[in-house]
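Asks: Let's see this in three dimensions:
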Amino acid sequence: MSILKRGMKGAPVKRLQEKLGVGADGDFGPGTQKAVREFQEANGLAVDGIAGPDTFTAMGLHELVLLRVGSRGAAVKSLQEDLGTGADGIFGQGTKKAVMEFQSANGLVADGMAGPNTLSKMNSFASTFTVETIQKAEVQADEDHFDSEPLPELKGAEPIQGSATEAAPTKSIWGKVKGWFS
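Replies: Sure thing, here's the model as predicted:
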């Protein structure tokens, strides 16, 4: 899923921490969780201490938005409205299929996950997901060391068909995270 929660490590966590103004070590610990909860409460979001698409959007961290099966919220609902599917805000198999069709029709790798490249081609997201956002989604020089970080143990993760490395730029900020599900 396109979430960051306690126990996760990596470049996306570091970016979240920088935006929150907490120690940016790339390790999502209790201090980061507390800061996420406080941000969510202050901004009228569901307070769960887990950073997902709606939290990233509210923070202006659009490069971290990755919608996939299991994602929920306003961003998913907007995606579904653009795709002309039932807009219930829950990314299920029907939404995945519609995303894959959209990706194929727009010359993108059809992996069924909507990150900055896919969202930049959609009406509801085009003004937010710009070329600059896509560039920000690339790993920065000071983030390269996160490639050697161990992956978290994921329970109940649904395998994704296709190659995560094809779906994301070579050094995408979500490239490794997408790989957790392939």
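
Asks: From residue 15, how far off is the closest residue to residue 122 other than its chain neighbours?
Replies: In space, residue 122 comes closest to residue 82 once its chain neighbours are excluded; the distance is 4.5 Å by C-beta to C-beta, 6 or more residues apart in numbering. All C-beta spots, glycine's among them, are computed from the backbone N, C-alpha and C. Distance, residue 82 to residue 15, using C-beta to C-beta, to the nearest Å: 26 Å.

Asks: Can you show me the helices along this protein?
Replies: 11-20, 30-42, 53-59, 74-83, 93-105, 116-119, 131-136, 164-167, 175-179 (DSSP state H).

Asks: Show me which residues of the first one are buried.
Replies: Residues of helix 11-20 classed as buried: 11, 12, 13, 14, 15, 16, 17, 19, 20 (neighbour count, 16 or more other C-beta atoms under 10 Å).

Asks: And stretch 71-89, how far out from the chain middle?
Replies: Mean-position distance between stretch 71-89 and its chain equals 15 Å (C-alpha atoms, centre = their mean, to the nearest Å).

Asks: Same question for stretch 19-37.
Replies: On C-alpha atoms, centre = their mean, the centre of stretch 19-37 falls 17 Å from that of its chain.

Asks: likewise stretch 36-54?
Replies: Put simply, stretch 36-54 sits 15 Å off its chain's centre (C-alpha atoms, centre = their mean).

Asks: how close does the residue positioned nearest the centre of the chain get to residue 53?
Replies: Geometric centre of the chain, nearest residue: residue 66, 2.7 Å, by C-alpha atoms, centre = their mean. Note on residue 66: its distance to residue 53, by C-beta to C-beta, is 7 Å.

Asks: for residue 84, same thing?
Replies: 20 Å.

Asks: ok, the residue lying closest to residue 62 once chain neighbours are set aside to residue 125 distance?
Replies: Closest residue to residue 62 apart from its sequence neighbours, by C-beta to C-beta, 6+ apart: residue 133 at 4.8 Å. Separation of residue 133 from residue 125 (C-beta to C-beta) stands at 9 Å.

Asks: what does residue 134 give?
Replies: Distance, residue 134 to residue 125, by C-beta to C-beta: 12 Å.

Asks: These two: which is more packed in?
Replies: Counted by other C-beta atoms under 10 Å, residue 134 and residue 125 do not tie: residue 125 has more neighbours, with 23 against 18.

Asks: Please report phi then psi for that one.
Replies: Recorded main-chain torsions at residue 125 are phi -110, psi -10, according to degrees, to the nearest 10.

Asks: I'd guessed it sits against residue 119; true?
Replies: Yes. Taking contacts as C-beta atoms under 8 Å, residue 125 lies within contact range of residue 119: 4.0 Å.
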